[in-house]
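*Asks:* structure, please.
(one chain, ligands or ions: 2)
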Amino acid sequence: MTENIIDGKAFAAGLRARIADGVAAFVAKAGRAPGLAVVLVGENPASQVYVRAKHKATIEAGMESFEHRLSADTTQAALLALVAQLNADPAVDGILVQLPLPRHIDENAVIAAIDPDKDVDGFHPVNAGRLATGIEGFVPCTPLGCLMLLKDRLGDLSGLNAVVIGRSNIVGKPMAQLLLAESCTVTVAHSRTRDLPAVVRAADIVVAAVGRPEMIRGDWLKPGAAVIDVGINRIPADGGKSRLVGDVDFVSAAAVAGAITPVPGGVGPMTIAVLLRNTLVAAHRNADVPFEAVSL
Ligand SMILES: NC(=O)C1=CN([C@@H]2O[C@H](COP(=O)(O)OP(=O)(O)OC[C@H]3O[C@@H](n4cnc5c(N)ncnc54)[C@H](OP(=O)(O)O)[C@@H]3O)[C@@H](O)[C@H]2O)C=CC1
Ligand SMILES: Nc1nc(=O)c2c([nH]1)NC[C@@H]1CN(c3ccc(C(=O)N[C@@H](CCC(=O)O)C(=O)O)cc3)C=[N+]21
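*Replies:* Numbers count the residues shown, from 1 in each chain. Ligands and ions are numbered 1, 2, ... in the order given. You can find the predicted model right below:
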């Protein structure tokens with residue numbers, strides 16, 4: 001049974017192709033390419049992989065990529081100075097500071113320093129507030145990518161019971177806001193939730209953003225539920241290697257779910273495609289060019 005698998009990788013490739021068309025149209029009108037600045041502090045191996053993937057996708061979409069790699073001992077003041085420089089640079093439409101940051105740097109202070117209208121991650125409190133109050137702004141890439149996959153598969157989501165497992169500022173909370181705005185009945189579960197399997201069993205939509213390998217099992221699910229697995233967990237595999245698994249036990253869940261995203265190849269590729277989408281939207285706003293949203 002493979003028809004219930006949601007191919008995020010293919011959906012993301014289609015989205016990136018539509019974005020590339022949008023970039024070409026923007027260049028024709030504005031006389032410049034949209035620009036994305038990515039800041040990486042330190043040598044976290046996973047972060048290096050993501051930053052490389054973002055750079056490649058940015059170039060392939062026809063955008064300008066500005067990469068800033070800083071050493072792990074960079075001071076908070078130096079990072080804030082770089083953010084201020086990027087805020088003031090007219091060639092930079094979007095700014096992403098890769099998380100996590102080294103422990104001696106206050107992530108909230110850095111996020112708050114980014115110009116909200118260049119905050120293509122949607123992490124700034126102004127954008128969180130806009131999302132919560134229904135004002136247009138930047139929506140975090142991972143939850144917006146999850147919503148796109150859900151709407152593509154299910155159409156209208158109104159009235160459905162949705163459970164979001166996880167309440168982080170970058171995934172769980174904005175995911176819950178997006179589902180609420182689609183008129184779902186939303187439950188947000190977390191580490192203090194009592195009887196999580198029973199909560200999950202009531203859900204038509206399950207979004208797992210926990211960071212615990214294969215925690216959500218098929219026998220927790222309501223048959224036919226749509227399952228979106230945000231988790232990215234690297235676990236040991238045979239031969240001293242490692243492999244990537246989600247927060248959902250894919251084999252048991254796929255036997256019960258009506259639709260399910262795999263890991264890898266599900267939500268991860270969507271995150272990067274939506275980052276490009278947000279950057280294209282930012283470029284239109286910054287250049288004062290009207291944005292004709294063609295299913296982006
Ligand atoms: N695919 C992608 O593009 C992305 C993937 N990720 C992945 O998504 C996952 C979540 O990321 P993130 O939101 O940043 O993680 P956080 O660690 O910030 O948040 C995890 C959340 O899960 C909750 N939680 C932990 N244990 C349990 C449990 N046993 N039962 C129920 N809830 C629990 C925590 O609850 P509490 O608040 O009570 O502590 C917390 O709210 C990770 O695997 C991460 O790698 C993240 C970003 C992008
Ligand atoms: N400021 C900031 N913004 C982020 O959006 C951000 C961040 N910091 N820090 C880390 C998380 C994580 N994240 C992912 C992006 C792509 C994949 C992705 O493409 N995953 C592939 C597999 C990649 C692999 O093989 O390792 C997949 O799931 O198919 C995963 C995770 C963005 N994040």
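
*Asks:* three-state assignment of the closest residue to ligand 2 within the stretch 151-296 of the chain?
*Replies:* Closest residue of the stretch 151-296 of the chain to ligand 2, C-beta to the nearest ligand atom: Gly268 (2.2 Å). C-beta here means a position set from N, CA and C on the backbone, and glycine is covered the same way. Under DSSP: H, G, I helix; E, B strand; the rest coil, the three-state class of Gly268 is helix.

*Asks:* can you tell me the closest non-neighbouring residue to it?
*Replies:* Ile232 (6.3 Å; C-beta to C-beta, 6 or more residues apart in numbering).

*Asks:* what's that neighbour sitting at in phi/psi?
*Replies:* The phi and psi values for Ile232, taken as degrees, to the nearest 10, are phi -130, psi 100.

*Asks:* gap between it and Arg201?
*Replies:* Noted for Ile232: a distance of 25 Å to Arg201, by C-beta to C-beta, to the nearest Å.

*Asks:* the two: which has the busier surroundings?
*Replies:* Set Ile232 next to Arg201 and count neighbours by other C-beta atoms under 10 Å: Ile232 wins out with 21 against 16.

*Asks:* the more buried one reaches Gly246, doesn't it?
*Replies:* Yes. Counting by C-beta atoms under 8 Å, Ile232 does reach Gly246; the two are 7.3 Å apart.

*Asks:* overlap in contacts, the two.
*Replies:* Applying C-beta atoms under 8 Å, 6 or more residues apart in numbering, one finds that Ile232 and Gly246 are jointly contacted by Val263.

*Asks:* before we move on, the earlier item: what's the spacing between the residue nearest to Gly268 and ligand 1?
*Replies:* The gap separating Ile232 from ligand 1 is 4 Å, by C-beta to the nearest ligand atom, to the nearest Å.

*Asks:* got the CA coordinates for stretch 35-44 in PDB?
*Replies:* C-alpha atoms of stretch 35-44 as PDB (Å, rounded to 0.1, in the frame of the first residue of the first chain):
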ATOM      1  CA  GLY A  35      18.400  37.700  -2.100                       C
ATOM      2  CA  LEU A  36      18.600  35.300   0.900                       C
ATOM      3  CA  ALA A  37      21.200  35.600   3.600                       C
ATOM      4  CA  VAL A  38      21.900  32.500   5.700                       C
ATOM      5  CA  VAL A  39      24.000  32.800   8.800                       C
ATOM      6  CA  LEU A  40      25.600  29.800  10.400                       C
ATOM      7  CA  VAL A  41      27.500  30.000  13.700                       C
ATOM      8  CA  GLY A  42      29.800  27.100  14.600                       C
ATOM      9  CA  GLU A  43      30.200  23.700  13.000                       C
ATOM     10  CA  ASN A  44      27.100  21.600  14.000                       C
END
